[in-house]
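Engineer: how would this look folded up:
(one chain, ligands or ions: 1)
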Amino acid sequence: MIGLLSETPAMHYARRIMEVLQLDVSGRPQAWISAKEAAILYASDGVAWTLGDTFYVLRGGTQRRTGMQSRIEVHPIIAVRGSVPSRAWRQAPALSNPKLFARDRQVCAYCGHHNHVDDLTREHIIPTSRGGTDSWMNCITACRPCNGHKGNRLPEEARMSLLYLPYVPSLHEDMILRGRRILADQMEFLLASVPRHSRLHS
Ligand SMILES: [Zn+2]
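Structural biologist: Below you'll find the predicted structure:
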């Protein structure tokens, strides 16, 4: 039984914003889950192994048999017992604007300026109207003025060259791009498997 009986405001805050990196038993990343979702896995004996230092302790109800309060220590990385390897492992990660802007470090590929996400756009290198695909390899981050200036043209036609190149993120990198607040232990684990060519290393 997990209750949240004695949660301080600071603990509540940590639980709300911190996410746990869920792996399958072989160590492949599967998802970001909440501390509460992780606690349910711990309580049902679903956690095979963990990595990193405890970042959150959940205190539950008093156990009738022992009179002790139950306690669950949540680790930043947990491998889930019996989970099947994710199908996502074999597929390219889904493209989204937040992940695209994170891959490109919020830097416009044409003028090189760093921008707030609200001022960035998903730019199709080959315009979709001319057969370009909506994919990681044909999309790049651009500021609104550069995107507007390029319009329906190819970069050569607009005499605009790319300052960096697009690429498809690996699964580990995708987990970094999806994470909201990544703890040091989680970042270290994920970065170890991110290819050297990734912009996340720069
Ligand atoms: Zn620009």
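
Engineer: in a helix, residue 174, correct?
Structural biologist: Yes: with the criterion set as DSSP: H, G, I helix; E, B strand; the rest coil, the secondary structure at residue 174 is a helix.

Engineer: what's the local residue count around residue 173?
Structural biologist: For residue 173, the count of nearby residues is 25 (other Cβ atoms under 10 Å). Backbone N, C-alpha and C define where each C-beta goes, glycine included.

Engineer: so how far is stretch 144-159 from its chain's centroid?
Structural biologist: 30 Å (Cα atoms, centre = their mean, to the nearest Å).

Engineer: first to last residue in that stretch, what's the distance?
Structural biologist: From its first residue to its last, stretch 144-159 covers 17 Å (Cα to Cα, to the nearest Å).

Engineer: buried set for that stretch?
Structural biologist: Buried residues in stretch 144-159, counted by 16 or more other Cβ atoms under 10 Å: 146, 147, 150, 155.

Engineer: for the last one, report the pLDDT, please.
Structural biologist: As predicted, residue 155 sits at a pLDDT of 96.

Engineer: now do the third one
Structural biologist: Reported pLDDT at residue 150 in the predicted model: 97.

Engineer: now it: how far from the ion?
Structural biologist: Relative to the ion, residue 150 is positioned 9 Å away (criterion: Cβ to the ion, to the nearest Å).

Engineer: wait, that residue touches residue 159, no?
Structural biologist: No: the pair residue 150 and residue 159 does not pass the contact test of Cβ atoms under 8 Å, sitting 9.7 Å apart.

Engineer: for the closest residue to residue 124 other than its chain neighbours, what are its contacts?
Structural biologist: Once its chain neighbours are removed from consideration, residue 124 has its nearest residue in residue 132; the separation is 4.6 Å (Cβ to Cβ, 6 or more residues apart in numbering). With contacts taken as Cβ atoms under 8 Å, 6 or more residues apart in numbering, residue 132 has the following neighbours: 124, 125, 126, 138.

Engineer: next one: residue 145
Structural biologist: With contact set as Cβ under 8 Å, 6+ apart, residue 145 has these partners: residue 111.

Engineer: on that earlier part again, quick check, nearest of the contacts of residue 132 to residue 45?
Structural biologist: The shortest gap between residue 45 and any of those belongs to residue 138, at 45.8 Å (Cβ to Cβ).
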